[in-house]
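> the sequence isn't on hand, but the structure is:
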Ligand code: SF4
């Protein structure tokens with residue numbers, strides 16, 4: 001029986017954050033209702049194709065899934081349970097925004113969800129304001145306390161470095177404040193200014209002042225030092241977890257396991273094919289019962305692309321890439337293809353090899369863009 005993950009996209013947010021390029025936008029209660037019904041139709045349409053699969057992780061992401069009425073989330077979940085074989089110990093994650101944590105969605109979490117990812121970003125109000133977040137630091141604290149009180153035992157806090165006006169010291173304060181709540185997991189991403197965002201507009205107009213590269217590096221170093229010092233081990237470039245609390249769903253992405261993306265714009269990797277759903281809401285509403293009609297940019301990956309992805313994604317993880325897993329996946333020897341690059345990068349202190357695994361060293365992580373580019377098979 002094949003193991004898969006499911007990603008469910010909820011594209012709605014109270015308001016757009018200044019840095020956000022995700023598929024998300026404000027909406028009305030009526031549209032949420034139609035969306036939930038459309039998502040349920042899509043879920044049911046996959047029942048047959050997924051009959052020989054066991055779902056070991058479900059991720060409700062967005063957007064802001066916690067903006068959906070709990071009754072609609074329950075209906076979506078019932079459809080999932082009807083249509084897919086979900087393993088009894090499956091990891092069920094839900095993203096929440098501290099501005100939307102309330103009694104209603106806490107009851108849904110209690111019944112169905114065993115991992116919550118809370119978008120805190122910063123514990124400083126002036127930084128939250130600059131990011132355009134809808135919540136204060138105090139609201140984040142209250143949300144964490146509520147989540148813990150309602151029994152959440154696997155909690156991730158999303159934090160962001162590289163925010164305008166942030167300093168290494170204020171980043172350190174945010175990290176230390178986060179640790180006071182003893183989260184099982186922290187995702188510490190650095191801000192990337194993407195095209196089409198409010199931040200990009202401000203940057204073009206010369207009105208966005210970001211920490212310089214050296215400060216960014218210092219922040220990255222501080223993250224590792226403080227989080228690892230508190231027992232959260234870095235298992236991927238930006239992710240830290242206590243023993244046994246790595247996000248299984250994300251590890252599936254990095255290991256190129258199969259997953260189905262359901263909902264507007266959601267991406268899938270299944271049976272060697274990649275695609276994403278339509279990003280047009282009207283089209284999604286009209287055709288979600290027939291997944292063939294909402295699939296976009298369907299790509300049958302060739303072996304070369306799969307090998308490149310295997311290295312690109314696998315080397316993001318601290319455990320790196322296993323030569324045995326490579327052999328099993330492709331029927332080839334990793335060193336027959338990349339032997340020269342591996343030896344050179346090892347000699348330069350960018351890569352290390354241990355027990356049939358290769359992984360990046362801290363120096364390699366520092367210049368990972370350059371290091372990973374060498375795994376392209378041109
Ligand atoms: S809450 Fe998340 S998805 Fe929504 S606008 Fe902000 S960053 Fe984007």
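Structure received. Quantities reported herein were computed from a predicted structural model and do not represent experimental measurements. Residues are numbered from 1 along each chain as shown.
> hey, let's count contacts and neighbours off CA atoms from now on
Noted.
> tell me, how many residues neighbour residue 320?
Residue 320 has 23 neighbours, counted by other Cα atoms under 10 Å.
> with residue 202 instead?
If you count neighbours by other Cα under 10 Å, residue 202 ends up with 13.
> what's the helix or strand for it?
Residue 202 belongs to helix 198-204 when assigned by DSSP states H and E.
> verify the stated contact: residue 310 with residue 256.
Yes: applying Cα atoms under 8 Å, one finds residue 310 in contact with residue 256, separated by 6.7 Å.
> where do the helices of the stretch 251-378 of the chain begin and end?
Remark: helices assigned in the stretch 251-378 of the chain by DSSP state H, counting those that start in this stretch are 281-287, 303-314, 323-330, 334-347, 362-366, 368-373.
> which strands or helices does the shortest one pack on?
Judged by 3 or more Cα pairs under 8 Å, 6 or more residues apart in numbering; DSSP states H and E, helix 362-366 is in contact with no other helix or strand.
> on the three-state scheme, residue 88 is what?
What DSSP: H, G, I helix; E, B strand; the rest coil gives for residue 88 is strand.
> quick check: it vs residue 81, distance?
As judged by Cα to Cα, to the nearest Å, residue 88 and residue 81 stand 11 Å apart.
> who has more neighbours, these two?
Counted by other Cα under 10 Å, residue 88 and residue 81 do not tie: residue 81 has more neighbours, with 13 against 8.
> which SS state does that one fall under?
For residue 81, the assignment made with three-state DSSP gives helix.
> buried stuff in stretch 2-22?
Buried residues in stretch 2-22, counted by 16 or more other Cα atoms under 10 Å: 3-14, 16-20.
> who's in contact with the helix holding residue 202?
For helix 198-204, contacts defined as Cα atoms under 8 Å, 6 or more residues apart in numbering pick out 18, 19, 193, 194, 208, 209.
> among those, which lie within strands?
In strands, judged by DSSP state E, none of the contacts of helix 198-204 are found.
> neighbours of the closest residue to residue 335 other than its chain neighbours, how many?
Nearest non-adjacent residue to residue 335, counting by Cα to Cα, 6 or more residues apart in numbering: residue 342, 7.6 Å away. Other residues near residue 342 number 21, with proximity taken as other Cα under 10 Å.
> and residue 102, by the same measure?
Residues lying near residue 102 (other Cα under 10 Å) number 14.
> ok, so what distance separates it from residue 255?
Per Cα to Cα, residue 102 is found 35 Å from residue 255.
> could you point out which element follows the lowest-mean-pLDDT helix or strand in the chain?
Least confident helix or strand, the chain: helix 103-112 with a mean of 86, by mean pLDDT, DSSP states H and E. Counting by DSSP H and E, the next helix or strand C-terminal to helix 103-112 is strand 115-121.
> burial count for residue 378?
A total of 5 residues lie near residue 378 under the criterion other Cα under 10 Å.
> and it, how far from residue 124?
For residue 378, the distance to residue 124 (Cα to Cα) stands at 46 Å.
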